[in-house]
Structure formats: C-alpha cells, structure tokens
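Engineer: Got a predicted model here, sequence first, then my questions.
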Amino acid sequence: MPVTIVDVARKAGVSTATVSRVLHKSPKVDATTRARVRETLEELGYSPNIPARSLVTKRTRTVGLVITTIADPFFADIVRGVEDVAIENDYGVILCDSNADPEREMATIRLFQEKRVDGIIVASSRVGDLYLGLLEKTKVPVVLVNNEKTGSYVYSVGTDDVAGGEMATEYLIQLGHRRIGYIAGLADAKSTYDRLTGYRQALRKHGLPFDSSLLAPGNARPDGGLSGMNQLLTDCPSLTAVFCYNDLTAIGALKALRIAGKSVPDLVSVMGYDDLLFAAYSEPPLTTIEQRKYDLGAIAMRMLLDLQSGVESVSNNVLEPRLVIRESCSPAKS
C-alpha cells in the first residue's frame, strides 16, 4: 500500500494539516516540526499522489518544453534554466524535440494538452502561423523563447538579434574588413532574418554597399556552414571575413577554409553567434556573439509561474547580446 499523509502524520506525531503545510512549504510550520516531518517523509518513502492532487488543485505542476533539436548544444543551457527554476518551485518539465518539423511541433502541443500541463514553453525556430490558432486555443500560458509572434496569447523572451547581427558585422568593419560574407541559418527562422537585418544595418552605417553575392544559405548546422563557405569562396574569392548565423555554422566554415588552405584569421576572419561552450576551444578560438542562454530559459519559466499565478508579466523580455573577442578574427590585410 502506498504511504499516505495520514501515515506520515501518525509517525511524526503531528496533524495531517501540518504535513500538508510542510509539503507546500508553508511558513506557518516551525523549523523543528518541519525537520521532523521531512525526516519522516524520507523514512517512510512518501510520494505525493499527483493525479489526486491535480483533481483538487486543477494543476499538474508540470510544464511542457519544446525545443528545435536536442542535438543543438544551444538548447542545453535553456533547458537547464527552465528546469532549475521549475525545480525550485516544485514543478516538473516534460521535454520534447520538434526536430525543426512544424507538424511535429503541432503534435507536441497536442500532447501537452492531453497531459494537462500548467504551461508551455516553446524554444523553437519553427513556431509559425501554421499553428498560431492551436496555441491561441490552449487554456494555459504559453511563453516563446527567441521567437516573438503577435497574438493575444503570446509572451516571449529573446535576444535582440538585430543588435547582435549589427554588433558582429561592425566589429569586422572596425578591423578593416570590407568584403564580409554572411552564411544564413534556416530560411524561415526569424533569427536568420534579424541577424541579416543587423548585418545590413552595419554596412549601411559605414557606407558599404550590400552585395547579395556575399550571402550564402545555411541550415544552422556544421554541414550548412561547410557548404555555405564553399559557395562564398567560389562566388566571392576576394572576401576577407564571414559572419556565421551561429557557432555550429562557424565550425563548418572553419573546416571549409582549412580544406581550401585559407588560414584563419590571417586570410579570412570568422565570426560566430551564440557563444556555445566549444567556441572557446575551437581552432582558432571563435570570436562570437554571446546569448544569455541560461537566462532565456530561467526567465521564460518565471514568466510562466507569474502567469499561472495571475500576475501580469512583461509580455516581451528582450536580452542584449554581447561581443566575445577571441582569436578567429584579426585586422584585414591591406
């Protein structure tokens, strides 16, 4: 038979109401009693009856989190930020991988609805009009990470990617580079468009013409960086720098340059984006734009908690990026 709070109360010599207060972290229980109850809970191996509690409270104390792909290390810190705040507040997290597939995202949202989660966090670049209607019909708070959309249901937290794209390109211009390539991410990702917008703003600010031949498609993965860099080397052999959509793209670009015999940064400077853990250990160490990945997840979870509690939250939190200078960029050769 499963252990109940009645069993715990009898063993600890307290009322069931006191056990319940301890379980809910009520400040009304003194420290000595709280310690005795917790010791008894552990001794008896008490586990709360979540389904029964949900029937009473109308809450499951779980949130759903969907990410683009678990293979991308960018999402690791976001997940950690969400989970840390969730655990601090006695919530569990159901993590799903959309594999950048809109249909799979829709299935994930439906799964979350079936599980009756208390809130949903979507950290996925493929959120789009395809299921805006589905999200609007959910009866729980929804917070988007790095993908602001219009709609009455939307709350979001993200990085100012326009500012980040401008910051990356301006740094290369300040180093004397004038032929600067850009390898994009997924074509329908808002972040791809925003970083390109920042790239173009920096060129315009310094009176440099925009040249579409300096743009190459990518897919936010190393193989896309490899193919994109090869295209740029073919189309624009005079380029001296490249701004990559993300650090994974930059890793592919570095490989393409190494195969082509183009020394980095002596002949071509390479700029990444995200500041993933490995960026400091690539060869050469990667100059990049830092996103506060852990904070994105933590803030998103706090927003959900506020909304769940009926507290009006800031609808759109925008975090500023930061330039991280390492060894993959150097002044242009005259």
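Structural biologist: Happy to help now that I have it. Residues are numbered from 1 along each chain as shown.

Engineer: Please make it C-alpha for all contacts and neighbour counts, starting now.
Structural biologist: Will do.

Engineer: hey, where'd the helices end up in the stretch 1-150 of the chain?
Structural biologist: 5-12, 16-23, 31-44, 50-57, 74-88, 102-114, 132-137 (DSSP state H, counting those that start in this stretch).

Engineer: just for this protein, where's the confidence low?
Structural biologist: 1, 47-59, 125-139, 148-154, 312-314, 334 (pLDDT under 70).

Engineer: how's it carved up into domains?
Structural biologist: Using automatic domain parsing, the domain parsing of the chain gives 5-48, 60-160+292-321, 161-290.

Engineer: closest to residue 329 out of those?
Structural biologist: domain 161-290 (4.4 Å; C-alpha to C-alpha).

Engineer: Between the two ends of that closest one, how far is it?
Structural biologist: 11 Å (C-alpha to C-alpha, to the nearest Å).

Engineer: just stretch 311-324 next, same as before
Structural biologist: Using C-alpha to C-alpha, the two ends of stretch 311-324 sit 36 Å apart.

Engineer: got the buried residues for it?
Structural biologist: Under the neighbour-count criterion of 16 or more other C-alpha atoms under 10 Å, stretch 311-324 has 316-317, 319, 321-324 buried.

Engineer: closest one to residue 301 among the helices of the stretch 1-150 of the chain?
Structural biologist: Across the helices of the stretch 1-150 of the chain, closest to residue 301 is helix 74-88 (C-alpha to C-alpha), at 5.4 Å.

Engineer: Off-centre distance for the closest one?
Structural biologist: Mean-position distance between helix 74-88 and its chain equals 9 Å (C-alpha atoms, centre = their mean, to the nearest Å).

Engineer: elements contacting that helix?
Structural biologist: strand 92-97, helix 293-308 (3 or more C-alpha pairs under 8 Å, 6 or more residues apart in numbering; DSSP states H and E).

Engineer: Kindly reformat those as JSON lines containing distance to residue 121.
Structural biologist: Converted to JSON lines, the helices and strands packed on helix 74-88 look like this (distance: least, C-alpha to C-alpha, whole Å):
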{"stretch": "strand 92-97", "distance to residue 121": "10"}
{"stretch": "helix 293-308", "distance to residue 121": "7"}
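
Engineer: So which of those is nearest residue 191?
Structural biologist: Closest to residue 191 of the helices and strands packed on helix 74-88 is helix 293-308 (C-alpha to C-alpha; 14.4 Å).

Engineer: following the closest one, which helix or strand shows up next?
Structural biologist: Later in the chain than helix 293-308, the nearest helix or strand by DSSP states H and E is strand 316-319.

Engineer: Partner strands of the helix or strand that that following strand is followed by, with direction?
Structural biologist: Downstream of strand 316-319, the first helix or strand assigned by DSSP H and E is strand 322-324. The strands beside strand 322-324 in its sheet (DSSP bridges) come out as strand 288-290 (antiparallel).

Engineer: which residues touch the strand it pairs with?
Structural biologist: Residues outside strand 288-290 that contact it (C-alpha atoms under 8 Å, 6 or more residues apart in numbering): 164, 168, 247, 271-275, 279, 321-326.

Engineer: buried subset of the residues you listed?
Structural biologist: For these, a burial check counting by 16+ other C-alpha under 10 Å picks out 164, 168, 247, 271-275, 279, 321-325.

Engineer: Stretch 202-217 spans what distance, first to last residue?
Structural biologist: Span of stretch 202-217 from end to end, C-alpha to C-alpha: 20 Å.
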